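Undergrad: Any chance you could fold what I've pasted below:
(one chain, ligands or ions: 1)
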Amino acid sequence: MEKSKFGRRFEGKIAIVTASTQGIGFSIAQRLGLEGASVVISSRKQRNVDEAVGKLKAQGIDVLGLVCHVSNAQHRKNLVDQTVQKYGKIDVVVLNAAVNPSVNPILQTKESTLDKLWEVNVKTSILLLQDASPHLSNGSSIVFTSSISAFQPPPGMAMYGVTKTTLLGLTKALATELAPNTRVNCVAPGFVPTHFASYITSNETKRKALEEMTSLKRLGTTEDVAAATAFLASDDASYITGETIVVSGGTPSRL
Ligand code: NAP
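TA: From the prediction side, this is the model:
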């Protein structure tokens with residue numbers, strides 16, 4: 001991403017993006033940073049955090065990098081505490097962490113896997129927001145990363161899809177709870193070739209089939225998702241709350 005291409009909608013703003021050392025989360029942090037935000041990035045591995053911090057700093061972005069496995073309560077608390085200690089407030093929170101540990105049908109999914117899906121994809125976002133909410137500024141904005149699979153959970157990733165459906169409901173519920181000071185929205189990406197999706201997108205035949213399902217005849221990029229997330233997080237979306245934007249090149253999703 002080139003700095004000069006963008007506006008400066010996040011000048012003076014502080015943004016936390018979870019699971020943000022690569023893929024969609026990294027691009028979101030980069031986009032917010034290039035538009036002037038100080039960004040707090042994190043993931044499970046220190047090495048990945050250091051590498052991502054280096055890349056963002058090289059683009060002139062003010063960045064704080066921390067280890068935060070979203071399932072770890074101490075890590076979540078530290079993420080919020082260190083952000084507030086350094087910057088004094090939180091303007092944007094992007095909840096982007098997810099796992100997809102099973103290809104089994106829902107009724108053949110182990111209880112421990114069901115627990116993990118619920119925990120990482122839904123519960124930890126709620127817990128992180130419980131820690132962050134006392135520090136959210138007036139006019140702040142929360143964005144969830146859902147998925148196009150929220151609308152029609154596909155075989156092979158059905159329970160993952162259902163957790164992403166849950167985020168659509170969570171977006172609505174929290175938009176009401178946190179109004180009028182904080183807006184809450186959601187982005188539902190189609191397939192984007194990242195590490196997370198590589199088990200599908202690295203297969204040439206499957207990749208072609210997915211491209212054919214889009215109207216625009218290509219898979220999404222992490223930058224496509226970052227652009228929609230930045231819009232919802234910005235004051236350009238100041239009269240939008242409780243909504244989900246589908247970023248899928250026209251792949252069938254909903255009316
Ligand atoms: P990705 O490229 O594989 O990146 C995942 C990032 O999350 C990495 O930085 C990883 O770093 C971090 N991470 C993984 N588990 C974590 C945990 N428990 N706690 C904290 N950080 C963790 O994945 P992605 O494709 O960008 O996916 C990001 C989000 O987009 C997910 O919510 C996913 O469901 C959603 N999504 C993706 C697609 C797609 O096609 N790619 C489509 C729709 C929705 P560490 O290894 O260092 O932890």
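
Undergrad: drop to CA atoms for contacts and neighbour counts, all remaining ones
TA: Noted.

Undergrad: Show me where the stretch 1-150 of the chain dips below the pLDDT cut-off.
TA: Scanning the stretch 1-150 of the chain with the threshold set as pLDDT under 70 gives 3.

Undergrad: who in the stretch 51-200 of the chain is up against the ligand?
TA: In this structure, the stretch 51-200 of the chain approaches the ligand at residues 68-70, 96-98, 145-147, 189-197, judged by CA under 6 Å from any ligand atom.

Undergrad: Is there a quick PyMOL command that grabs whichever of those residues are buried?
TA: Buried residues within those, by 16 or more other CA atoms under 10 Å, are selected in PyMOL with:
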select buried, resi 68+69+70+96+97+98+145+146+147+189+190+191+192+193+194+196
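
Undergrad: quick one: contacts for Ser133?
TA: By CA atoms under 8 Å, 6 or more residues apart in numbering, Ser133 lies in contact with nothing.

Undergrad: my bad, Leu210
TA: 191, 219.

Undergrad: Could you export whichever strand or helix holds it as PDB, CA atoms only?
TA: Assigned by DSSP states H and E, Leu210 belongs to helix 204-213. The C-alpha trace of helix 204-213 is given here as PDB (Å, rounded to 0.1, in the frame of the first residue of the first chain):
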ATOM      1  CA  GLU A 204      -5.700 -24.300  -8.600                       C
ATOM      2  CA  THR A 205      -9.000 -26.000  -9.400                       C
ATOM      3  CA  LYS A 206     -10.800 -24.800  -6.200                       C
ATOM      4  CA  ARG A 207      -9.400 -21.400  -6.700                       C
ATOM      5  CA  LYS A 208     -10.700 -21.100 -10.200                       C
ATOM      6  CA  ALA A 209     -14.100 -22.300  -9.000                       C
ATOM      7  CA  LEU A 210     -14.200 -19.600  -6.300                       C
ATOM      8  CA  GLU A 211     -13.100 -16.900  -8.800                       C
ATOM      9  CA  GLU A 212     -16.000 -18.000 -11.100                       C
ATOM     10  CA  MET A 213     -18.500 -17.600  -8.200                       C
END
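
Undergrad: So which bits of it are buried?
TA: Buried-residue list, helix 204-213, by 16+ other CA under 10 Å: 207, 210-211, 213.

Undergrad: Around Pro155, how many other residues sit close by?
TA: 13 (other CA atoms under 10 Å).

Undergrad: What separation is there between it and Asn104?
TA: 8 Å (CA to CA, to the nearest Å).
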